[in-house]
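J.: I would like the atomic coordinates for the input below:
(2 chains)
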There are 2 protein chains.
Amino acid sequence: MRIALDAMGGDFAPAVTVEGAVEAVNETRGLSVTLVGNENEIADELHGKKFETSVISVKHASQVVGMHEAPLTAIRRKKDSSIKVALDLVRAGEADAMVSAGNSAVVMAKALLTLGKLTGVDRPAIAAVMPTLKGLFVLIDAGANVDCKAANLYQFAIMGEAYAKSIFDIEIPRVGLLGIGEEDAKGNELTKETFKLLKDSGLEFIGNIEGKNIFMGDADVVVCDGFVGNIALKISEGLAEVIAKMLKREISESTSGRIGYFLMKDALRSFRKRTDYSEYGGAPLLGLSKPCIISHGRSTAKAIKNAVKIAGEFYRKGVLDIISKAFTATGPKKGKR
Amino acid sequence: MRIALDAMGGDFAPAVTVEGAVEAVNETRGLSVTLVGNENEIADELHGKKFETSVISVKHASQVVGMHEAPLTAIRRKKDSSIKVALDLVRAGEADAMVSAGNSAVVMAKALLTLGKLTGVDRPAIAAVMPTLKGLFVLIDAGANVDCKAANLYQFAIMGEAYAKSIFDIEIPRVGLLGIGEEDAKGNELTKETFKLLKDSGLEFIGNIEGKNIFMGDADVVVCDGFVGNIALKISEGLAEVIAKMLKREISESTSGRIGYFLMKDALRSFRKRTDYSEYGGAPLLGLSKPCIISHGRSTAKAIKNAVKIAGEFYRKGVLDIISKAFTATGPKKGKR
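T.: Numbering: from 1, shown residues only, chains lettered A, B, ... in the order given. Next comes the predicted model:
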């Protein structure tokens, strides 16, 4: 598995990207990484790190896209950005998958232009993995598309189901539609329309699922438009962080609390691990013709490491073939609402 | 403050509604409650409880609306439901505010028909109070309206700001628009349109606020449509519950963890209190001509008690007058997008 990593992408690049890449190849047999970006800066970061030289290479790119740069301008003006050069490696077959923690709007737009879509897909979507009380679930779309039509959500369901099958190793993933009530008739225009399509889809459709139940583990795939999905994802991250902070504050305000905290350290660490976004590292943009994994802008080295590993697994398991077959098998509705 | 409480509304009624009402009047001077519903069942629940008889009365209603009954049918067929009779008391001036933990769709529809709207308001919205790292904020609309227009969200902002002013005692509440990026140009069609209206509104508009930041305390009012708001609210509740459960499980798996838990009990209790929805008890449906508070279907006696107190405060502080004045002062856009 050969991964092209945008070494300049993210708030703490290239330090954490290079560190994450080195950790990933050291931990995973068969994985190699091409670090794409400013070769001097990358060389500086690689200096002194231990790894087998055959599994890390560097590809120079002279430009970097800023985290808040407007997509259109960035795409037009920066023809030699690390994002573009990394995607070109995948397009040319010199890498199997691309990973970036850079400006996600630019990565998405550029990936669409460079790699193209799978047959049957109108709009690629971000599939984020999130924890539940029992395990994990896939949230799709976690932010690629605002203002969707029902046919788009229908396709997200098919892609999400195929993804859940391969990463969770379950035969028949349960698909839920994120909504505001469990009754069939509840929701907004978009979800009501989507409900009808999913009911007749042949998927294991469990109906509407409410926000309060997505963490209970009732569904393996939760479908929504990218605006709602991004808010759902960000609220979950924000709340988990705030709860951890509140807990810490309450604890540190009393002596018995501090002693208790000391005794509970392992339990708290294990808890934090389960709610820590960087454990999952990155989310694929599903529906492209090649694997492309988008990571958090504020990714740590651990998050990058996990994203690179996820990219390798994604390729090794042939997730895109599984999605392609799903589209052929179910014959999805196209184009209109 | 005379509160009409739908004694039959909610999953555990009338036991918890009667208990909550008794606790509320016992704790709050000047508060009286009329329990509306089946007089025999209410009498049974009141039996043996201590309270001053002058502050609790009973008003019989022969029908109960089921928690999952369709609004149109319930409204057409149940002319003597506890919801309807309680609202009639407010309309007739025999009560100052109405509280119900019953079928919220029916309460909303019936309240609109019975009490009518404030001048300037096209659609009433639910204003839910949620905790942040620093204090509290108002989320509006938390679920009354799906498929909104920008003019609706603009009005939600005005109502939410007026509500925040009176319940948080702050002079200039900061208003944020729930979105998927902080840049002005990010969002879906609805939020982009709303952004323009809020920028010129004269409100202290801080721009788009991302899901991950709403719990940081950056905004006092967070505006969104009711579909997104309801999902945001339910996800927050669901996640807080699941995190508490995960934490408990991790803790109970080791001896030192259990001892630590024992030492941290107070800290954990205080933490739980901050994230416990029942502390806030109920959310007003803002924009009606009279106070109407909607509570969780699964409200406990504590949640009902707090909802009844909130209803009293809402009336005492003249929140509706403040909202009315805000509409006159700002001259909101009407009707179209």
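J.: going forward, measure contacts and count neighbours with C-alpha atoms only.
T.: Fine.
J.: could I have whichever strand or helix holds A:Ile294 exported to CSV, CA atoms only?
T.: Element membership for A:Ile294 (DSSP states H and E) is strand A:292-295. Below are the C-alpha coordinates for strand A:292-295, written out as CSV (Å, rounded to 0.1, in the frame of the first residue of the first chain):
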residue,chain,number,x,y,z
CYS,A,292,-8.8,9.9,-0.7
ILE,A,293,-8.8,10.4,3.1
ILE,A,294,-9.5,13.7,4.7
SER,A,295,-8.1,14.4,8.1
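J.: rounded mean pLDDT for whatever helix or strand comes next after it, please.
T.: Toward the C-terminal end, the helix or strand that comes next after strand A:292-295 (DSSP H and E) is helix A:301-316. Average pLDDT, helix A:301-316: 94.
J.: not counting the helix or strand following helix A:301-316 itself, show me its contacts.
T.: Following helix A:301-316 in sequence order, the next helix or strand is helix A:319-330 (DSSP H and E). Helix A:319-330 has contacts (Cα atoms under 8 Å, 6 or more residues apart in numbering or on different chains) with A:118-120, A:158-159, A:162-163, A:166, A:201-202, A:287, A:289-291.
J.: repeat the analysis, applying 6 Å as the threshold.
T.: Contacting residues not belonging to helix A:319-330 are listed as A:Met159, A:Ala162 [Cα atoms under 6 Å, 6 or more residues apart in numbering or on different chains].
J.: what does stretch A:71-87 give?
T.: Residues contacting stretch A:71-87 (Cα under 6 Å, 6+ apart): A:Ala4, A:Asp6, A:Val36, A:Gly37, A:Ala61, A:Ser62, A:Gln63, A:Val64, A:Val106.
J.: buried sites along that stretch?
T.: The neighbour-count check on stretch A:71-87 (16 or more other Cα atoms under 10 Å in any protein chain shown) flags A:Pro71, A:Ala74, A:Ile75, A:Asp80, A:Ser81, A:Ser82, A:Ile83, A:Lys84, A:Val85, A:Ala86, A:Leu87 as buried.
J.: measure it end to end?
T.: Using Cα to Cα, to the nearest Å, the end-to-end distance of stretch A:71-87 comes to 16 Å.
J.: host element of the closest residue to A:Glu182 other than its chain neighbours?
T.: Once flanking residues are discounted, A:Glu182 sits nearest to A:Asn208: 5.0 Å by Cα to Cα, 6 or more residues apart in numbering or on different chains. In the assignment (DSSP H and E), A:Asn208 maps to strand A:204-210.
J.: return the distance of A:Val138 relative to A:Ala128.
T.: Distance from A:Val138 to A:Ala128, counting by Cα to Cα: 6 Å.
J.: between the contacts of stretch A:71-87, which is nearest A:Ser100?
T.: Among these, A:Asp6 lies closest to A:Ser100 (Cα to Cα), at 5.0 Å.
J.: residues touching the closest one, list them.
T.: If a contact means Cα under 6 Å, 6+ apart, then A:Asp6 has A:Val36, A:Ser82, A:Ile83, A:Ser100 as its contacts.
J.: again, 10 Å this time
T.: Under the criterion of Cα atoms under 10 Å, 6 or more residues apart in numbering or on different chains, the contact list for A:Asp6 reads A:13-14, A:17-18, A:34-37, A:59, A:61, A:64, A:81-87, A:98-102, A:107.
J.: ok, the closest residue to chain B within the stretch 1-150 of chain A - contacts?
T.: The minimum distance from the stretch 1-150 of chain A to chain B, using Cα to the nearest Cα, falls at A:Val146 (5.4 Å). Counting by Cα under 10 Å, 6+ apart, A:Val146 makes contact with A:Asp225, A:Gly226, A:Phe227, A:Val228, A:Gly229, A:Asn230, B:Ile180, B:Lys186, B:Gly187, B:Asn188, B:Glu189.
J.: do I have it right that the first one meets A:Gly143?
T.: To tie it back to what came earlier, the one meant is A:Asp225. Yes - in this structure A:Asp225 lies within contact range of A:Gly143 using Cα atoms under 10 Å: 7.7 Å.
J.: partners of A:Gly282 in the sheet?
T.: A:Ser295 (DSSP bridges).
J.: any idea how far it is from B:Thr194?
T.: A:Gly282 sits 32 Å away from B:Thr194, going by Cα to Cα.
J.: of those two, who's got more company?
T.: More crowded of A:Gly282 and B:Thr194, by other Cα atoms under 10 Å in any protein chain shown: A:Gly282, with 30 against 22.
J.: mind listing what the more buried one touches?
T.: A:Gly282 neighbours (Cα under 10 Å, 6+ apart): A:99-101, A:126-129, A:292-296, A:299, A:303-311.
J.: again, only this time at 6 Å
T.: Counting by Cα under 6 Å, 6+ apart, A:Gly282 makes contact with A:Ile293, A:Ile294, A:Ser295, A:Ala307.
J.: likewise for A:Glu39?
T.: Going by Cα under 6 Å, 6+ apart, A:Glu39 touches A:His60.
J.: try 10 Å
T.: A:Ala7, A:Glu45, A:Val58, A:Lys59, A:His60, A:Ala61, A:Ser62.
J.: so what sits opposite A:Val58 in the bridge?
T.: Beta-bridge pairing for A:Val58 (DSSP bridges): A:Leu35.
J.: and it, what does it touch?
T.: The contact partners of A:Val58, taken as Cα under 10 Å, 6+ apart, are A:4-5, A:7, A:33-40, A:42-43.
J.: next one: the helix or strand hosting A:Leu5 to chain centre, how far?
T.: Using DSSP H and E, A:Leu5 maps to strand A:2-6. Here the centre of strand A:2-6 is set off from its chain's centre by 15 Å, with Cα atoms, centre = their mean, to the nearest Å.
J.: ok, it: who's next to it in the sheet?
T.: strand A:32-37 (parallel), strand A:97-100 (parallel).
J.: what's the angle from that strand to helix A:301-316?
T.: For strand A:2-6 against helix A:301-316, the angle by axes from the mean of the first three to the mean of the last three Cα atoms, to 10 degrees is 140 degrees.
J.: identify each buried residue in strand A:2-6, please.
T.: For strand A:2-6, burial by neighbour count (16+ other Cα under 10 Å) applies to A:Arg2, A:Ile3, A:Ala4, A:Leu5, A:Asp6.
J.: with stretch A:26-37 instead?
T.: Within stretch A:26-37, the residues that count as buried by 16+ other Cα under 10 Å are A:Asn26, A:Leu31, A:Ser32, A:Val33, A:Thr34, A:Leu35, A:Val36, A:Gly37.
J.: first to last residue in it, what's the distance?
T.: End to end - Cα to Cα - stretch A:26-37 spans 21 Å.
J.: and the average pLDDT for the strand holding A:Asn208 is what?
T.: For strand A:204-210, the mean per-residue pLDDT is 95.
J.: contacts for the helix or strand encompassing A:Lys196 next, please.
T.: If you go by DSSP H and E, A:Lys196 is part of helix A:189-199. For helix A:189-199, contacts defined as Cα under 10 Å, 6+ apart pick out A:147-155, A:157-158, A:175-180, A:184-188, A:201, A:204-208, A:223-225, A:332-333, A:337, B:146-147.
J.: filter those down to the buried ones, PyMOL style.
T.: In PyMOL, a selection of the buried entries from the contacts of helix A:189-199 looks like this (16+ other Cα under 10 Å):
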select buried, (chain A and resi 148+149+150+151+152+153+154+155+157+158+175+176+177+178+179+180+187+188+201+205+207+208+223+224+225+332+333) or (chain B and resi 146)
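J.: tell me where the stretch 51-200 of chain A has helices.
T.: Ranges of helices in the stretch 51-200 of chain A, per DSSP state H, counting those that start in this stretch, are A:71-77, A:82-91, A:104-115, A:150-168, A:189-199.
J.: hang on, the earlier thing: and the contacts of stretch A:71-87 as TSV, adding pLDDT?
T.: Below are the contacts of stretch A:71-87 laid out as TSV (pLDDT from 0 to 100):
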residue	pLDDT
A:Ala4	98
A:Asp6	98
A:Val36	98
A:Gly37	98
A:Ala61	97
A:Ser62	97
A:Gln63	96
A:Val64	96
A:Val106	94
